[in-house]
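In: have a look at this prediction, sequence included:
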Amino acid sequence: MTARVTALGSTNSAAKAGVMIRESLAQGSRHASTLLTPSTMAFVRRSTTDGNGATGTTATAVSQPWLRIVRSGQTFSSFYSSNGTTWIPI
């Protein structure tokens with residue numbers, strides 16, 4: 001799944017935009033996300049139902065990034081790109 005974030009206002013230090021894959025729409029479901037905040041990009045996941053979300057890795061935010069999350073079997077990977085062609089792992 002790939003998306004380009006063209007704007008993200010600094011409305012709050014917890015403001016986020018990005019892509020997410022969820023196990024279901026139920027509250028507390030497992031998920032994996034590639035997110036942009038005003039200062040960072042992060043790979044965030046909840047690996048157990050009703051568990052806490054954990055930030056795996058982060059990168060310094062770039063202007064108007066492309067964000068991507070890839071699933072291969074039960075493994076999720078997170079990437080960003082400044083041009084939509086060259087992908088850098090988060």
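Out: Structure received.
In: on the three-state scheme, the residue nearest the centre of the chain is what?
Out: In the chain, the centroid-proximal residue (CA atoms, centre = their mean) is residue 34; its distance is 1.0 Å. Put simply, residue 34 is strand when judged by DSSP: H, G, I helix; E, B strand; the rest coil.
In: list the contacts of stretch 51-61.
Out: 28, 30-31, 36-47, 78, 80, 88, 90 (CB atoms under 8 Å, 6 or more residues apart in numbering). C-beta: built from backbone N, CA, C; applies to glycine.
In: list only those of these flagged as buried.
Out: 30-31, 36-37, 41-46, 78, 80, 90 (16 or more other CB atoms under 10 Å).
In: using CSV, write out every CA atom in the worst-scoring helix or strand of the chain on mean pLDDT.
Out: In the chain, the helix or strand scored least confidently by mean pLDDT, DSSP states H and E is strand 54-60, which has a mean of 80. Taking Å, rounded to 0.1, in the frame of the first residue of the first chain, the C-alpha atoms of strand 54-60 are listed here in CSV:
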residue,chain,number,x,y,z
ALA,A,54,5.2,-0.1,19.4
THR,A,55,7.4,2.1,17.3
GLY,A,56,10.0,0.0,15.6
THR,A,57,12.1,2.5,13.8
THR,A,58,12.0,6.2,12.8
ALA,A,59,13.5,8.5,10.2
THR,A,60,13.7,12.3,10.0
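In: the residue nearest to the centre of the chain pairs with what?
Out: Beta bridges link residue 34 to residue 19, residue 43 when assigned by DSSP bridges.
In: could you check how far the nearest residue to residue 8 once chain neighbours are set aside is from residue 87?
Out: Distances taken as CB to CB, 6 or more residues apart in numbering place residue 17 nearest to residue 8, at 4.9 Å, with adjacent residues excluded. Residue 17 sits at a distance of 18 Å from residue 87 (criterion: CB to CB, to the nearest Å).
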